[in-house]
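Trainee: Provided below are the primary sequence and the corresponding predicted coordinates.
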Amino acid sequence: MYLRILSWRLVLRWTADFRHVTGTTGSFGASAAVSKLLNLPPSQFSMSLGHAASLAGGTRSANGTDTKTLHMGRGAQNGLLSALLASQSFDTGLQPIEYWAHLVSPTVDMSQLTLDLGSKWELLENTFKPYPCGIVIHPLIDGGISLYERGVRGEDVERLEVIVNPQCVRLCFIRHPQTALQGVFSLYHGCAVGLLYGQGGRKVFSDEACNKREVANVRDLVFVSTDETLRDDEAYVTAVLKNGERVEEHVEHAVGSLARPMGREELEAKFVDQSKEVLGKEKCERIMEACWKLEEIKDISELLELCRKE
């Protein structure tokens with residue numbers, strides 16, 4: 001019996017690196033938010049979190065598939081259901097968060113939950129992303145763009161050497177993605193499009209871009225090394241040219257990181273790029289102006305109406 005318990009604990013510990021955090025923890029955030037909106041008393045608030053713990057799931061094996069994007073919606077759905085169940089006194093066990101935390105990590109320190117409570121706000125650690133992929137690829141895209149701006153072209157490159165945090169390789173190891181969903185998990189694709197096109201937006205992460213021969217050719221030139229001392233938003237990108245010259249870029253902080261956040265112009269450019277084909281550029285501009293003055297809006301339905309597709 002004890003050996004079986006020990007073996008399961010080891011399995012859980014070993015599989016921790018394979019979970020997708022949004023799928024496993026998103027339910028709790030949505031559960032807490034809806035419970036607050038429903039003004040649930042503490043007992044029902046706890047029940048809601050308990051249901052979220054039961055419904056939580058999400059693994060990294062789904063990376064590059066439709067299921068990966070389902071994690072976000074499922075997390076919100078689970079949170080909504082959890083809060084509604086709790087509002088009807090649908091009961092659950094005591095200390096649900098503690099039990100769930102010890103299940104996924106037997107050595108977890110629960111005191112971290114209340115550390116700096118009320119003085120530190122995790123929301124301030126979030127940033128806006130310029131590219132449609134994980135932050136670990138962003139410094140590689142930035143490095144490729146910098147090389148492009150310095151006049152380096154794909155046809156002149158014999159080898160592209162990159163050094164990244166090991167997490168980048170663990171998450172984004174697909175060398176030749178066939179779809180956009182796979183492309184966002186390809187550090188090789190990020191390097192290639194940054195160098196070839198000087199950009200990293202949604203168009204260069206499309207199905208079409210992933211299957212371009214010129215992009216695949218550059219992906220084949222990428223050689224990766226890892227360095228645990230590098231941050232997730234840091235990388236070295238070096239183009240070894242056919243004439244023997246080496247052109248190096250050290251991206252200390254990727255665009256969109258806390259140390260290098262996107263500015264207003266960059267945010268607006270990303271929004272227009274993602275929305276103009278559906279809403280039209282004029283409506284996009286009106287929406288952006290309304291968002292910058294959000295605190296002045298008396299009725300949020302006015303903004304929602306602006307976002308409606310004609």
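Mentor: Nice, I can see it.
Trainee: contacting residues around whichever helix in the chain runs longest?
Mentor: Longest helix in the chain by number of residues (criterion: DSSP state H): helix 66-87. Under the criterion CB atoms under 8 Å, 6 or more residues apart in numbering, residues 20, 22-23, 25-35, 37-38, 40, 44-52, 55-58, 62, 92, 181 lie in contact with helix 66-87. Placement of C-beta: from N, CA and C, glycine included.
Trainee: for the record, mean pLDDT for that helix?
Mentor: Confidence for helix 66-87, expressed as mean pLDDT, is 88.
Trainee: what's the angle from whichever strand or helix holds residue 47 to helix 66-87?
Mentor: Remark: residue 47 resides in helix 42-55, with elements defined by DSSP states H and E. Direction vectors for helix 42-55 and helix 66-87, defined by axes from the mean of the first three to the mean of the last three CA atoms, to 10 degrees, enclose an angle of 150 degrees.
Trainee: hmm, back to that, buried only: go through the contacts of helix 66-87 for me.
Mentor: 20, 22-23, 25-28, 30-32, 34-35, 40, 44-52, 55-56, 58, 62, 92, 181 (16 or more other CB atoms under 10 Å).
Trainee: can you classify residue 237 as helix, strand or coil?
Mentor: The assignment at residue 237 comes out as strand when based on DSSP: H, G, I helix; E, B strand; the rest coil.
Trainee: what is the neighbour count of the nearest residue to it once chain neighbours are set aside?
Mentor: Taking CB to CB, 6 or more residues apart in numbering, and ignoring the residues beside it in sequence, residue 237 has residue 143 as its nearest neighbour in space, at 3.0 Å. One way to gauge burial is a neighbour count; for residue 143, by other CB atoms under 10 Å, it gives 27.
Trainee: doesn't residue 200 make contact with residue 270?
Mentor: No: no contact is recorded between residue 270 and residue 200 when judged using CB atoms under 8 Å, the distance being 10.6 Å.
Trainee: still on that earlier bit, other SSEs contacting the helix holding residue 47?
Mentor: Judged by 3 or more CB pairs under 8 Å, 6 or more residues apart in numbering; DSSP states H and E, helix 42-55 is in contact with helix 21-37, helix 66-87, helix 96-104.
Trainee: which one of those lies nearest to residue 166?
Mentor: When the helices and strands packed on helix 42-55 are ranked by distance to residue 166, counting by CB to CB, first place goes to helix 21-37 at 17.0 Å.
Trainee: show me where the protein has its helices.
Mentor: According to DSSP H, the helices that the chain contains are 2-14, 21-37, 42-55, 66-87, 96-104, 138-149, 166-171, 180-183, 187-197, 207-210, 213-219, 264-279, 281-292, 301-306.
Trainee: geometric centre of the protein: which residue is closest?
Mentor: Nearest to the mean C-alpha position of the chain, by CA atoms, centre = their mean, lies residue 134 at 4.6 Å.
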